[in-house]
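**Student:** Return a 3D structure for these sequence lines:
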Amino acid sequence: MSALIMQKPEERAPLIRRAATSDTPSILAEIYQEDVNIAIWQNGLSAQTQDEATQLIINGGKLNLEIAAGPNDVITQLISKHADLSNTEYLNQHIQTLVDMFCTLFDLKRAGIRLSILDQAMCPKFHVDKIPCRLVSTFSGPATQWISYQNVDYSKLGKASFNVSDDVSGIYTDVEHIQTMRTGDVALLKGSNWKNNEDAGLVHRSPKQINNEKRLVITLDFID
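**Tutor:** Okay, here's the model as predicted:
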C-alpha cells in the first residue's frame with residue numbers, strides 16, 4: 001500500500017500595500033497594481049488656478065455641488081449650478097482634465113462629482129471607504145491625511161474606536177506615521193470594495209482646520 005502524501009496548504013504571501021507617487025499624471029494608472037492602495041500625482045496647481053480657487057472661497061459662500069458628468073459636459077454643469085464658477089476658467093479646465101483622466105482610466109462615461117467649500121472636517125476620524133476607488137484633490141487649504149498600510153492597526157478602525165479620538169485609539173503608534181497630501185495633489189484612494197482589497201483599503205481622514213480656515217475640495221466616484 002502506498003504511503004499517503006500529506007499536502008501542505010498553500011501559504012499566502014503576507015498582505016502588503018504601498019503608495020505610488022510621482023510628479024507625472026501617468027502614476028495614477030498604478031492603482032491597478034494589486035499591491036498599491038494609493039496613487040498620488042504630486043501636481044502643482046498653476047498660479048491662475050490657485051488664485052481662482054482662493055477667490056471662489058472668498059466670494060462663493062456655501063458651495064456643495066453634487067453632479068454626474070463626463071468630460072464633455074462637466075464645465076457646463078458646474079457653471080449652471082453655481083454662478084461664481086463662470087469666473088473660474090483655469091479651475092474649470094483643471095476639473096475637466098481630472099474628470100477626463102478618471103473616466104478614461106476606469107472606462108467610464110461619467111463620474112459622480114462633488115465640489116465643496118468646507119469650513120470643518122467632513123471626515124475627521126481615520127477610516128476606510130467602502131467603495132472601489134475615489135479621486136480626491138484639494139484646490140485650496142489643508143489637504144487629506146493618510147497612513148501607510150504597514151503603519152495601521154486595522155482592528156482599531158470603525159466600532160473599535162467609536163467615541164475615541166485617533167490619537168489614543170491605537171490606529172497608529174507614532175504621529176509621524178500620519179502623512180499629508182499637498183494642496184494640488186491628485187490622489188486615487190483604493191477602498192475596501194476593490195477586488196482583493198477587502199482588508200487593505202487606504203486609511204485616511206480630513207485634516208483639522210484651524211481658525212476657520214476653509215478648503216476647496218473635489219472628489220470623483222464611480223456611479224455607473
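**Student:** Can you mark which positions in the helix or strand of the chain with the lowest mean pLDDT are buried?
**Tutor:** In the chain, the helix or strand scored least confidently by mean pLDDT, DSSP states H and E is helix 166-169, which has a mean of 84. Of all the residues in helix 166-169, those buried under the rule 16 or more other CB atoms under 10 Å are 166, 169. For the C-beta atoms, the positions are set from N, CA and C on the backbone; glycine is no exception.
**Student:** before we move on, what about stretch 156-165?
**Tutor:** By neighbour count on 16+ other CB under 10 Å, the buried set for stretch 156-165 is 156-157, 161.
**Student:** circling back to that earlier point, alpha carbons of the least confident helix or strand of the chain, as CSV, please.
**Tutor:** Extracted as CSV, the C-alpha positions of helix 166-169 are listed here (Å, rounded to 0.1, in the frame of the first residue of the first chain):
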residue,chain,number,x,y,z
ASP,A,166,-7.4,58.9,16.8
ASP,A,167,-4.5,59.9,18.9
VAL,A,168,-5.5,57.4,21.7
SER,A,169,-7.3,54.7,19.7
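**Student:** What distance do you get for residue 182 to residue 141?
**Tutor:** Distance, residue 182 to residue 141, by CB to CB, to the nearest Å: 12 Å.
**Student:** which one of these two has more residues nearby?
**Tutor:** The neighbour count for residue 182 versus residue 141, taken as other CB atoms under 10 Å, is higher for residue 141 (19 against 13).
**Student:** Name the nearest residue to the more buried one, sequence neighbours excluded.
**Tutor:** Counting by CB to CB, 6 or more residues apart in numbering, the nearest residue to residue 141 once its immediate chain neighbours are dropped is residue 215, at 3.3 Å.
**Student:** got the contact list for the residue nearest to the spatial centre of the chain?
**Tutor:** Centre of the chain computed as the mean C-alpha position; nearest residue by CA atoms, centre = their mean is residue 136, 3.5 Å away. Contact analysis of residue 136 by CB atoms under 8 Å, 6 or more residues apart in numbering lists 144, 181, 186-187, 189, 217-219.
**Student:** In CSV: the residues you listed, plus distance to residue 45, secondary structure and neighbour count.
**Tutor:** Below are those laid out as CSV (distance: CB to CB, whole Å; DSSP: H, G, I helix; E, B strand; the rest coil; neighbours: other CB atoms under 10 Å):
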residue, distance to residue 45, secondary structure, neighbour count
144, 15, coil, 24
181, 13, coil, 22
186, 10, strand, 24
187, 14, strand, 25
189, 20, strand, 24
217, 13, strand, 20
218, 12, strand, 20
219, 17, strand, 19
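**Student:** Buried ones in stretch 205-222, by neighbour count?
**Tutor:** Neighbour-count burial for stretch 205-222, with 16+ other CB under 10 Å as criterion, is recorded at 205-207, 209, 214-221.
**Student:** Now flag whichever of the residues you listed is closest to residue 25.
**Tutor:** Proximity of the buried residues of stretch 205-222 to residue 25 (CB to CB) peaks at residue 220, which lies at 14.1 Å.
**Student:** helices or strands up against whichever helix in the chain runs longest?
**Tutor:** If you go by DSSP state H, the chain has its longest helix at helix 89-105. Contacts defined by 3 or more CB pairs under 8 Å, 6 or more residues apart in numbering; DSSP states H and E place helix 89-105 against helix 47-60, helix 74-81, strand 111-118, strand 133-140, strand 215-221.
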